[in-house]
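In: need a 3D model of the sequence below.
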Amino acid sequence: MDKHIAKLNKMIQQDMFDRHPNDPKGFWENVGKITVNSANSLTKAVIKFIRLKGYHADNIKVTRRMIDNRVTYTDVLGHVRQIGSCKWIKSSMKIGSADISATLQGGKSVMIEVKWGKDRQSEAQKRFQASIEKAGGVYLIIHKFEEFYEWYMANYPDSIK
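Out: Below you'll find the predicted structure:
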């Protein structure tokens, strides 16, 4: 396991112990541990780290929305029937948005795009990056938790325990 993920897992254990001081010391040892083995788990690890440091972070999902027009009824013979259909509509989120939106120390806006394996930035994501940077925000592209951790340490050294 990576040493930075190990530090994050220690932070998680300490947070659990701090919030539940009356539980036995080893009770929270394996609860909430993070293993990074996909883009989804990397996103969760970064968000967890930011939140444990006392800042704000959200996972941004740009997906279509489903409108369910189905109706379920029981016919005269007692059979349950369903009529209608589902329709997918366009997302209200901006195409190309980063995976994580965070606000760190001093109100600094940080957008984090998580890439896993051979995943690359789309043209829409490049346009989104340019708009964030033009507005004075920070846009990061990370492939590993270590990249984020090292960026964080370089920019917020006083908050590292």
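
In: which residues of this structure score low on pLDDT?
Out: 1, 25-31, 91-92, 158-161 (pLDDT under 70).

In: if we go to 90?
Out: Scanning the chain for pLDDT under 90 picks out the ranges 1-37, 59-67, 75, 86-98, 105-108, 117-119, 155-161.

In: can you give me the buried ones in the top strand by length along it?
Out: When the chain is parsed with DSSP state E, its longest strand is strand 108-114. By neighbour count on 16 or more other C-beta atoms under 10 Å, the buried set for strand 108-114 is 110-114. Placement of C-beta: from N, CA and C, glycine included.

In: put the alpha carbons of it into PDB.
Out: C-alpha atoms of strand 108-114 as PDB (Å, rounded to 0.1, in the frame of the first residue of the first chain):
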ATOM      1  CA  LYS A 108      -9.400  28.900  -3.100                       C
ATOM      2  CA  SER A 109     -11.400  27.000  -5.700                       C
ATOM      3  CA  VAL A 110      -9.800  23.800  -6.800                       C
ATOM      4  CA  MET A 111     -11.200  21.600  -9.500                       C
ATOM      5  CA  ILE A 112      -9.700  18.100  -9.700                       C
ATOM      6  CA  GLU A 113     -10.000  15.900 -12.800                       C
ATOM      7  CA  VAL A 114      -9.300  12.200 -12.000                       C
END
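
In: neighbouring contacts of that strand?
Out: 39, 42-43, 46, 97-104, 121, 125, 128-129, 132, 135-142, 148 (C-beta atoms under 8 Å, 6 or more residues apart in numbering).
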